[in-house]
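Q: Whatever this is, show me its structure:
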Amino acid sequence: MRGLTYVELASRTRYHPTTLQRAASGEKLPSRQVALAYGMNCGRSAEVVNRLWQEAWREARRRARCGPWAGPAPQLELVRDFADLSAALVAQHEKNGAPPVREMEMRTAALAAEFGVLSRSSAQRILSRQKVPSSEGQLHAFLMACEVPSEEWPAWTAAWRRACQQREGERESAQGPSLADLEAPFAGESGCIRPWTARLLLKRAGFDPLEGYRGFARPWAARCTSCLSVARVRLSEVLYGGQCTVCGMRADPDSLRPFSCAAC
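A: Residues are numbered from 1 along each chain as shown. Next up, the predicted model:
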């Protein structure tokens, strides 16, 4: 402190001596304004004080969010899913001084026609890891709001696309077999169930068709042979455990074993 007492420093900074003493204790990160007043009156430049404060602020945020043993965010080329992308976006926001969401919204307003405005609510959800940018335009708006140089945007765009592809792959896996896969065991070489085969399968399942066959997953008017109620059923559901919605009749699986026919 160049020999200054806290009282003398307080007279220069207009902050209470106790505030300055707490700032120097290292127990809690002081506000940026207190750090600037303290450092600049002790011979440090505003640039140096800002840099040191930002580093301390990022470390404090990291510890508060993830604990002292949390690792760094993944490098962009290693981002593979939304969790990786979310961590990288939050880290970039903190690296660039963690601008408030209100300021981020204002920074994107001027170029809203090109990227769309990054609203405060969207920015907050991204920073709280509740979502990731929903489009490339929103991603670019977020990067612009964090003052990321435009020459770095292609790497971010590539990471965002990889994460989206990963999510799409997970959704496809969760959906299970396609309709074509379900129809194939009953369709023979043609790949599609023929009308007469469909009628035979429906009868084996305990329903009398009341109209022509229109497709494997299309509604089909039929009468339950058990309770005689009329309903619209789908062959795709009947063949894989579907039942009458009135009496609960369900076909014997053995009667619906896939079969092949030269005519198919």
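Q: C-alpha from now on. contacts and neighbour counts both.
A: OK.
Q: Now do the contacts for the nearest residue in space to Ser119 that is not next to it in sequence.
A: Spatial nearest neighbour of Ser119, excluding adjacent residues (C-alpha to C-alpha, 6 or more residues apart in numbering): Glu105 at 5.4 Å. Neighbour list for Glu105: 117-120, 123, 145 [criterion: C-alpha atoms under 8 Å, 6 or more residues apart in numbering].
Q: and what of Ile193?
A: With C-alpha under 8 Å, 6+ apart, Ile193 has these contacts: 183, 186-187, 216, 264.
Q: Adding distance to Leu4, pLDDT and secondary structure as columns, could you present those in TSV?
A: What follows is those, written out as TSV (distance: C-alpha to C-alpha, whole Å; pLDDT from 0 to 100; DSSP: H, G, I helix; E, B strand; the rest coil):
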residue	distance to Leu4	pLDDT	secondary structure
Glu183	85	83	helix
Phe186	90	82	helix
Ala187	91	81	helix
Phe216	86	87	coil
Cys264	97	40	coil
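Q: ok, of those residues, which come out buried?
A: Neighbour counting with 16 or more other C-alpha atoms under 10 Å marks 183, 186-187, 216 as buried within these.
Q: Let me know the pLDDT of Lys95.
A: Reported pLDDT at Lys95 in the predicted model: 83.
Q: For the nearest residue to it once chain neighbours are set aside, what is the enclosing helix or strand?
A: Spatial nearest neighbour of Lys95, excluding adjacent residues (C-alpha to C-alpha, 6+ apart): Arg58 at 7.3 Å. Assessed by DSSP states H and E, Arg58 sits inside helix 46-66.
Q: one step back: secondary structure class of the residue nearest to Ser119, three-state.
A: On the three-state scheme (DSSP: H, G, I helix; E, B strand; the rest coil), Glu105 is labelled helix.
Q: Arg223 too?
A: With three-state DSSP as the basis, Arg223 sits in strand.
Q: Would you confirm that Arg162 contacts Leu76?
A: No. Arg162 sits out of contact with Leu76 when judged by C-alpha atoms under 8 Å, with a separation of 10.5 Å.
Q: Show me the helices in the stretch 101-250 of the chain, by range?
A: Applying DSSP state H, counting those that start in this stretch to the stretch 101-250 of the chain gives helices spanning 101-109, 112-115, 120-127, 136-145, 153-175, 179-187, 195-204, 235-238.
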